[in-house]
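A.B. asks: Generate a structure from the sequence data that follows.
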Amino acid sequence: MVRCKHAVFALMLALVAGSVHSQSILARLQEGINLYSQGRWLEAVSSLRRVQADASSATQRAEALYWIGLAELFAGEYEAALEDMEILEQTDPGNRRIQELAYHKGRVLYHLGRYDEAVVLLKTYADSVPANADGSLSPQNASKKAAALYWTGESLYSMGLLDKANEVFLLITDKYPHSPKYEASVYRIALINQKKVEAELLALLKWSHEESLKTMEEYQRREHSYDQALIAYQKRIADMLKDTRLSDLENENAQYRQQLAVADERIRKLESELHEALGGLSSGSGRNSPDPVPRLNSLRSSALELRDALLNNGVSAVPESGR
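C.D. replies: Numbering: from 1, shown residues only. Take a look at the predicted model:
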């Protein structure tokens, strides 16, 4: 009987001690959550790690791990956050936080640049948000769905799928105007429209530049053709002028040769007359014969005049004719 009383007392002490320990864990868990709420994320992670290590149940460890993942997400420790979230999924897949964890994991994947995985996970989460019997959403669930859609749009935007992203942001502004993501969605829509305008202007500028290059190439090609044609025309004109000059020179030479022939004929006649006069002088003509000196002077003057006339007419520039 005494032993039985001792066993009951020991059990009661153990229960009390377990209860005290459990209350201490819950207090420390709340302390870590408070640090997270204050934005002191690294301190929250440190505090919640101790809770995770000292937890007396799987539920307490899972709860600590959930808040650790969120604190790491906001602290920018994305790799660590993803690792802890996946540990929670594997160790306690039936945990009440699993559905909400999908949304946060989608955000982590977005920040890690794994946009396609983020889109799939966030869309799945958005589709799983419960609706009322009439299909409407409570304000809280509407905010959750809008948030999931927003990060889906951000992932699509980062992938360069601007049209699809624009559709998602327009859906948020149309169906969830009271969502905290409304203003951010409006901003993204304006940014996408601006990017479209910039893309159109860039395409127009590129087209204009290409057309300018084509025009410049065509102009250079035509300029080259004009230069070649001009050179050909100049050569032809030079050839024509050369031919005309040669023709003129040949005509002039023919005239000079004709004049030279006439002059040669006159010179021969004058020389013949001079020889005759000299012959008469040497034969000892009588005193009654006419004086031959005036006749010789006259012949000499005629020969000189003929020579001057030929020189003045340019006969000297014509090749010798065998005079």
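A.B. asks: tell me the mean pLDDT over the host helix or strand of Ala263?
C.D. replies: Assessed by DSSP states H and E, Ala263 sits inside helix 182-282. Helix 182-282 carries an average pLDDT of 79.
A.B. asks: counting contacts, what elements does that helix pack onto?
C.D. replies: Where contact means 3 or more C-beta pairs under 8 Å, 6 or more residues apart in numbering; DSSP states H and E, helix 182-282 is packed against helix 139-158, helix 162-175, helix 292-312. Every residue, glycine included, has its C-beta placed from N, CA and C.
A.B. asks: Now do the residue nearest the centre of the chain against Tyr219, distance only.
C.D. replies: Centroid-nearest residue in the chain: Lys206, 7.9 Å away (criterion: C-alpha atoms, centre = their mean). Distance, Lys206 to Tyr219, using C-beta to C-beta, to the nearest Å: 20 Å.
A.B. asks: Asn141 reaches Ala126, doesn't it?
C.D. replies: No. Asn141 is beyond contact range of Ala126, at 10.4 Å (criterion: C-beta atoms under 8 Å).
A.B. asks: So for these two, which sits in the more crowded spot?
C.D. replies: Ala126 (21 against 14; other C-beta atoms under 10 Å).
A.B. asks: For the more buried one, list the residues it contacts.
C.D. replies: By C-beta atoms under 8 Å, 6 or more residues apart in numbering, Ala126 lies in contact with 145, 148-149, 152.
A.B. asks: picking that back up, looking at the helices and strands packed on helix 182-282, which is nearest to Ala190?
C.D. replies: helix 162-175 (9.7 Å; C-beta to C-beta).
A.B. asks: Quickly list the domain ranges of this protein.
C.D. replies: Here the domain parsing of the chain from automatic domain parsing is 12-96, 207-283+290-317.
A.B. asks: Grab the nearest non-local neighbour of Asn166.
C.D. replies: Nearest non-adjacent residue to Asn166, counting by C-beta to C-beta, 6 or more residues apart in numbering: Ile192, 4.8 Å away.
A.B. asks: Run a quick neighbour tally on that neighbour.
C.D. replies: The number of residues packed near Ile192 is 18, by other C-beta under 10 Å.
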